[in-house]
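> This is the structure alone, sequence omitted:
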């Protein structure tokens with residue numbers, strides 16, 4: 001299966017390296033360094049399958065001449081004389097297809113940066129993984145023009161100088177180069193009829209929940225023989241940490257499922273309670289004062305010839321309309337006398353009762369006040385003190401809450417308290433999960449620190465053994 005690998009490293013004098021030595025080793029060639037007089041002869045090196053030099057204009061140039069020019073162009077003792085691109089080649093491709101792929105990438109670098117590219121394709125190590133086909137591309141840090149190295153390539157400039165030329169930063173440039181290599185590999189795989197693909201993106205960016213590993217390189221052969229190496233230890237530590245994280249995630253998912261099940265059970269209980277609640281009886285509206293008055297007046301207007309009504313204060317010959325404006329007694333069907341004014345007068349409307357929502361709002365407010373007072377009492381007691389005012393506030397809050405509960409329907413109060421209990425249980429579960437995550441993370445960090453200390457001690461031990469030898 002094809003894997004993605006594209007790393008970029010500088011060849012710097014400050015690290016004791018030279019472009020001539022690097023080129024000779026990677027190409028299995030012999031190069032004499034004109035600047036130092038050192039002879040770098042690696043002609044007996046095995047495993048170099050293919051070498052070539054790619055230039056921006058296609059001009060030919062000798063390998064020894066090119067890298068001596070690179071060494072001569074840099075005057076600083078900490079100068080960067082070359083830059084190396086190390087890439088992994090898909091094992092699915094043939095040797096010829098691999099060479100075409102590497103050549104295309106070298107041409108891309110030469111055209112984009114104006115540099116010369118020294119290509120060396122290496123076969124897998126005889127004792128290593130036989131799928132480890134890879135290539136080394138050494139690029140000059142200066143532009144190659146007419147057989148001479150001139151100005152620095154844009155990729156070598158500082159971000160401030162690149163910004164002046166309207167270019168992105170060096171980090172973005174590296175990301176672009178890595179993406180270009182991934183695209184070229186995928187195109188080559190597709191042309192060869194393979195479905196596998198590679199990506200330059202991190203596992204997190206790809207949405208893959210797996211811990212990244214470090215490139216073993218030469219340590220891979222030792223690991224296969226059962227010899228533990230520092231790079232192998234790092235991968236093992238990461239694998240163990242990833243397994244621990246997966247265990248934590250599984251436990252958290254289980255807690256979430258339990259919480260979800262409890263919430264569904266709560267919703268079902270509330271729905272059953274709502275279905276069983278009896279419908280409230282609708283009150284019959286009273287007659288309005290206007291209707292009552294009209295009925296009373298109509299009853300009296302039809303009986304003006306009645307001696308009882310005529311003798312109630314009207315003068316002889318007067319009708320009801322001509323009678324003086326004073327109360328006229330009327331008799332109800334049961335014989336009880338009432339005044340006309342009392343019959344016409346409307347009863348005073350009763351004050352509006354509190355709605356269920358208003359009572360519920362008062363309940364939540366009172367409950368919050370009680371919780372606040374209770375927390376205050378606990379804080380005071382934790383200090384070993386006592387405050388009468390705080391105790392009075394707690395008793396008053398409790399009394400107010402009980403008074404509001406008395407106003408509520410029993411069924412509604414039961415539902416509300418049940419919901420609050422479930423909510424409190426969910427909060428306890430959330431806090432326990434958070435505490436569990438914190439404890440596991442602390443243990444993981446402690447273990448990582450111990451392993452780092454052990455690794456450091458082992459390195460110091462190895463260094464002391466080397467010095468003694």
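Sure thing, it's come through. Since the structure is predicted, the reported quantities are computational estimates derived from the model, not experimental observations. Numbers count the residues shown, from 1 in each chain.

> What ranges does the protein have for its strands?
6-12, 30-32, 39-41, 48-54, 80-88, 117-122, 134-140, 142-145, 148-152, 329-331, 337-339 (DSSP state E).

> hmm, who's touching the third one?
I take that to be strand 39-41. Strand 39-41 is touched from outside by 20-21, 24-25, 30-33, with contacts defined as CB atoms under 8 Å, 6 or more residues apart in numbering. In short, each C-beta sits where N, CA and C put it, glycine included.

> Serialize the strands of the chain to TSV and add fields for mean neighbour count.
Converted to TSV, these look like this (neighbours: other CB atoms under 10 Å):
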stretch	mean neighbour count
strand 6-12	17
strand 30-32	18
strand 39-41	14
strand 48-54	17
strand 80-88	22
strand 117-122	24
strand 134-140	23
strand 142-145	20
strand 148-152	14
strand 329-331	16
strand 337-339	12
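
> for these, which one sits closest to residue 461?
strand 6-12 (28.3 Å; CB to CB).

> could you give the angle of the closest one to strand 134-140?
40 degrees (axes from the mean of the first three to the mean of the last three CA atoms, to 10 degrees).

> so what does strand 6-12 touch, helix or strand wise?
strand 80-88, helix 170-191 (3 or more CB pairs under 8 Å, 6 or more residues apart in numbering; DSSP states H and E).

> Take those and write them to CSV, including distance to residue 96 and mean pLDDT.
What follows is those, written out as CSV (distance: least, CB to CB, whole Å; pLDDT from 0 to 100):
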stretch, distance to residue 96, mean pLDDT
strand 80-88, 17, 96
helix 170-191, 11, 94
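
> okay, the ones you listed, which one's buried deepest?
The highest average neighbour count among the helices and strands packed on strand 6-12, using mean count of other CB atoms under 10 Å, belongs to strand 80-88 at a mean of 22.

> For that strand, give me every contacting residue.
3-13, 18-19, 22-23, 67, 70-71, 73-74, 102, 105, 109, 132-141, 155-156, 177, 181.

> Which strands or helices does whichever helix in the chain runs longest pack on?
For the chain, the helix reaching the highest residue count under DSSP state H is reported as helix 410-468. When contacts are defined as 3+ CB pairs under 8 Å, 6+ apart, helix 410-468 sits against helix 230-276, helix 356-382.

> pLDDT of that helix, averaged?
Averaged over helix 410-468, pLDDT sits at 77.

> now that helix: how far from the chain's centre is it?
Remark: helix 410-468 is offset 19 Å from the chain centroid, using CA atoms, centre = their mean, to the nearest Å.

> closest one to residue 427 among the helices and strands packed on helix 410-468?
helix 230-276 (10.2 Å).

> name the helices or strands packed onto that closest one?
For helix 230-276, the packing partners by 3+ CB pairs under 8 Å, 6+ apart are helix 219-224, helix 410-468.

> out of those helices, which comes closest to residue 169?
Residue 169 lies closest to helix 410-468 among the helices and strands packed on helix 230-276, at 31.5 Å (CB to CB).

> In this structure residue 78 contacts residue 11, no?
No. In this structure residue 78 lies outside contact range of residue 11 using CB atoms under 8 Å: 11.9 Å.

> Report the set of residues contacting both of these two.
In contact with both residue 78 and residue 11: no residue, using CB under 8 Å, 6+ apart.

> Any idea which helix or strand in this structure has the lowest mean pLDDT?
Every helix and strand of the chain was ranked by mean pLDDT, DSSP states H and E. The lowest is helix 307-310, at a mean of 40.

> And the pLDDT at the residue nearest to residue 422 when sequence neighbours are not counted?
Take residue 422 and drop its neighbours on the chain: the residue closest to it by CB to CB, 6 or more residues apart in numbering is residue 266, 4.5 Å away. Listed pLDDT for residue 266 reads 71.

> roughly how far apart are the closest residue to residue 5 other than its chain neighbours and residue 256?
Computed as CB to CB, 6+ apart, the closest residue to residue 5 that is not its neighbour in sequence is residue 88, at 3.7 Å. Remark: distance between residue 88 and residue 256 (CB to CB, to the nearest Å) = 40 Å.

> ok, now residue 73?
Distance from residue 73 to residue 256, by CB to CB: 62 Å.

> For the two, indicate the residue with more neighbours.
A count of neighbours by other CB atoms under 10 Å puts residue 73 above the other of residue 73 and residue 256, at 17 against 13.

> For that one, which residues are in contact?
81, 142, 149.

> quick check, nearest of those residues to residue 437?
So of these, ranked by how close each gets to residue 437 (CB to CB), first place is residue 81, at 49.7 Å.

> OK, contacts around the residue lying closest to that closest one once chain neighbours are set aside?
Excluding the flanking residues, the one nearest residue 81 by CB to CB, 6+ apart is residue 19, at 4.0 Å. Shown in contact with residue 19 (CB under 8 Å, 6+ apart): 11, 67, 70-71, 81-82, 138.

> circling back: which one, of the helices and strands packed on strand 6-12, ends up nearest to residue 237?
So among these, strand 80-88 is nearest, using CB to CB, at 23.5 Å.

> got the buried residues for stretch 382-396?
390, 393-394 (16 or more other CB atoms under 10 Å).

> and these as JSON lines, adding distance to residue 233?
Below are those laid out as JSON lines (distance: CB to CB, whole Å):
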{"residue": "390", "distance to residue 233": "58"}
{"residue": "393", "distance to residue 233": "61"}
{"residue": "394", "distance to residue 233": "59"}
